[in-house]
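> Structure for this input, please:
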Amino acid sequence: MSNLRSEISYKLCTGTLYRLFNIPNQCRKVQSLLLICDCRYVDRLTASLRKMTNDSDKMTSLSRLMSTRHSEAVDEQRRLEPQLDLLRQRTKELQKQVFVSSDCFHCSHHHHQYF
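Predicted coordinates for the structure are as follows:
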């Protein structure tokens, strides 16, 4: 009977140890628990988490800033669009005037050569 008990205890112990140390996820949990006992590890982990939090805050702030700048640029584009249309129209008018003047110049220039 005591032989049977010790065999059952042995199997229970080996089964428990196998589950704790051979399954990667469980292994990580045990390692994490052991590392928490090391104060330097806790300090490094705290510093790392603090840095991640600061980086996250910076990225959030930069994202808000970029969103604001984008909105301002879109507003400025809307505000300047009518002026751009006016410039395009005026440029076309000036090009037509230059073309007409150029034609007149060529006509009068050729005309003078013949006379």
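> where does this structure have low pLDDT?
1-38, 103-115 (pLDDT under 70).
> what ranges do the helices span in it?
Secondary structure of the chain (DSSP state H): helices located at 2-22, 24-36, 39-114.
> Show me what the last one is packed up against.
Think helix 39-114. Using 3 or more Cβ pairs under 8 Å, 6 or more residues apart in numbering; DSSP states H and E as the contact criterion, no helix or strand is in contact with helix 39-114. Placement of C-beta: from N, CA and C, glycine included.
> what about 10 Å?
helix 24-36 (3 or more Cβ pairs under 10 Å, 6 or more residues apart in numbering; DSSP states H and E).
> Return stretch 82-101 as CSV; C-alpha atoms alone will do.
Provided in CSV are the C-alpha atoms of stretch 82-101 (Å, rounded to 0.1, in the frame of the first residue of the first chain):
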residue,chain,number,x,y,z
PRO,A,82,-10.6,81.8,-55.1
GLN,A,83,-7.5,83.9,-55.4
LEU,A,84,-5.8,81.1,-57.4
ASP,A,85,-8.7,80.9,-59.8
LEU,A,86,-8.5,84.7,-60.2
LEU,A,87,-4.7,84.5,-60.9
ARG,A,88,-5.3,81.7,-63.5
GLN,A,89,-8.0,83.8,-65.2
ARG,A,90,-5.8,87.0,-65.2
THR,A,91,-2.8,85.0,-66.5
LYS,A,92,-4.9,83.7,-69.5
GLU,A,93,-6.0,87.3,-70.2
LEU,A,94,-2.4,88.6,-70.1
GLN,A,95,-1.3,85.7,-72.4
LYS,A,96,-3.9,86.6,-74.9
GLN,A,97,-2.9,90.3,-74.8
VAL,A,98,0.8,89.3,-75.3
PHE,A,99,-0.2,87.1,-78.2
VAL,A,100,-2.3,89.8,-79.8
SER,A,101,0.5,92.4,-79.3
